[in-house]
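S.K.: The following block contains a protein sequence and its predicted model.
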Amino acid sequence: MANAPVSTWSNTRLDPYMDPEDAHENAIQLVASQTYVAGQVLGEVTASPGTYGKYASGNSDGTQVPKLLLREACVTDSSGNITGADNLGDTRKDTHAFFSGTFKCSDLTGLDAAGLTASGWRLISGATVGAANAIVRLG
């Protein structure tokens, strides 16, 4: 009898902080050969509409403007296949990300003041993105 697990997962997922009925998500593709965390701030790659990568204010490929928040942690291979996005270990071409909703900034990875301004998202609680219990509204 085998005693090693067939698959494992973290079950780490981003959920809205409040008003979950107002949070909307869509299926997206991700930049290849990357590891993403739940709550990763994503921007759309200009050269590949519908494909998203990690937001960074210094980028110049379109990902310098935050658009979405990744729902679940995952990894992409060199072909853009996504593993871990559904917590079953399946490999697929898409995953889900939020384009609207209300979230705690402490649950997000990569959001900064420049991103808040560039995205048009609103800080509804807290003086800055990094403030304790800061809350941001998308959409």
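M.R.: Received, thanks.
S.K.: What residues does the residue nearest the centre of the chain make contact with?
M.R.: Nearest to the geometric centre of the chain sits Leu70, at 2.0 Å (C-alpha atoms, centre = their mean). Contacts for Leu70 (C-beta atoms under 8 Å, 6 or more residues apart in numbering) come out as 14, 36-40, 42, 95, 97. C-beta here means a position set from N, CA and C on the backbone, and glycine is covered the same way.
S.K.: For Val75, state which of those residues is nearest.
M.R.: Tyr36 (7.2 Å; C-beta to C-beta).
S.K.: how many neighbours does the closest one have?
M.R.: 24 (other C-beta atoms under 10 Å).
S.K.: ok, now which ones touch it?
M.R.: 30, 54, 70, 73-76.
S.K.: In a markdown table, list the residues you listed along with distance to Cys105, pLDDT and secondary structure.
M.R.: As requested, the contacts of Tyr36 are arranged in a markdown table below (distance: C-beta to C-beta, whole Å; pLDDT from 0 to 100; DSSP: H, G, I helix; E, B strand; the rest coil):
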| residue | distance to Cys105 | pLDDT | secondary structure |
| --- | --- | --- | --- |
| Leu30 | 22 | 97 | strand |
| Lys54 | 17 | 98 | strand |
| Leu70 | 15 | 97 | strand |
| Ala73 | 18 | 92 | coil |
| Cys74 | 21 | 91 | strand |
| Val75 | 24 | 92 | strand |
| Thr76 | 25 | 94 | strand |
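S.K.: Which of those ranks first by neighbour count?
M.R.: Busiest of these [other C-beta under 10 Å] is Leu70, holding 28 neighbours.
S.K.: Now Gly115: phi and psi?
M.R.: phi -70, psi -40 (degrees, to the nearest 10).
S.K.: Now it: closest residue in space that isn't a chain neighbour?
M.R.: The shortest distance from Gly115 to any non-neighbouring residue, by C-beta to C-beta, 6 or more residues apart in numbering, is to Pro66 (4.6 Å).
S.K.: Ala134 now?
M.R.: Gly126 (2.9 Å).
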